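Peer 1: Here's my sequence, what's the structure:
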Amino acid sequence: MSNDQFASPFRLTIRSLFLWTTIVALSFGALLFANEWWLAALSLLVGLAATWAAIVAVVDRRARRAFAVGVLAWILVQAFVLPELLGTGSRLPTTRLMTAIFPLVAGPELVDYRNPVAVQQWRQSRGRFQQEFFIPVGDLLCTLLLSGACGMLGQFVYVGRVRNDRVATKVVE
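Peer 2: Sure thing, here's the model as predicted:
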């Protein structure tokens with residue numbers, strides 16, 4: 001048996017560690033400073049991800065196709081199936097989650113209270129979190145996160161099937 005049969009489909013590399021750290025930092029920044037620009041940028045990103053996934057699902061093969069199908073499946077399920085299935089209209093489970101999280105994070109302002117100039121600047125420029133942008137931005141971030149997880153699941157299933165097919169072919173020979 002070769003070592004390829006036992007290789008993990010999830011590999012942690014320095015590149016992926018930097019990528020995930022950047023994604024988490026941008027997500028916290030997007031939630032902290034949620035406004036119409038973040039909402040527009042994330043809406044565009046979800047639209048581009050869905051477009052990319054649709055093209056790759058049709059054109060490409062192998063593990064990349066499996067990842068794209070997983071991404072596209074979650075985006076479509078969250079956009080069309082979940083609201084109808086749950087009978088909630090536009091209230092998705094992520095909307096409920098963000099609505100529950102909002103009061104917890106919107107309470108204290110994130111400034112150094114020992115510096116009165118910083119407190120005054122914060123209140124004048126930002127105030128508190130804006131709920132009308134916090135919840136949709138959180139929904140879009142959850143959509144991106146869960147679609148990436150579904151893509152990784154699709155890739156994991158594909159690699160497992162390929163591995164099982166190789167083992168079955170070697171046993172038959």
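Peer 1: neighbours around Trp20, how many?
Peer 2: Trp20 has 12 neighbouring residues, counting by other Cβ atoms under 10 Å. C-beta coordinates here come from the backbone N, C-alpha and C atoms, glycine included.
Peer 1: That one and Ala66: what is the separation?
Peer 2: Relative to Ala66, Trp20 is positioned 20 Å away (Cβ to Cβ, to the nearest Å).
Peer 1: okay, and for the protein, where does confidence drop off?
Peer 2: Within the chain, the stretches falling below the threshold (pLDDT under 70) are 1-11, 83-90, 106-116, 118-129, 167-173.
Peer 1: in the protein, which spans are helices?
Peer 2: When assigned using DSSP state H, the helices of the chain occupy the ranges 14-32, 36-59, 62-76, 82-86, 93-106, 116-125, 131-172.
Peer 1: Quickly compare those helices and say which is most buried.
Peer 2: helix 62-76 (a mean of 20; mean count of other Cβ atoms under 10 Å).
Peer 1: what packs against that helix?
Peer 2: Packing partners of helix 62-76 (3 or more Cβ pairs under 8 Å, 6 or more residues apart in numbering; DSSP states H and E): helix 36-59, helix 131-172.
Peer 1: got the ones you listed as JSON lines, with distance to Thr95 columns?
Peer 2: Converted to JSON lines, the helices and strands packed on helix 62-76 look like this (distance: least, Cβ to Cβ, whole Å):
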{"stretch": "helix 36-59", "distance to Thr95": "14"}
{"stretch": "helix 131-172", "distance to Thr95": "6"}
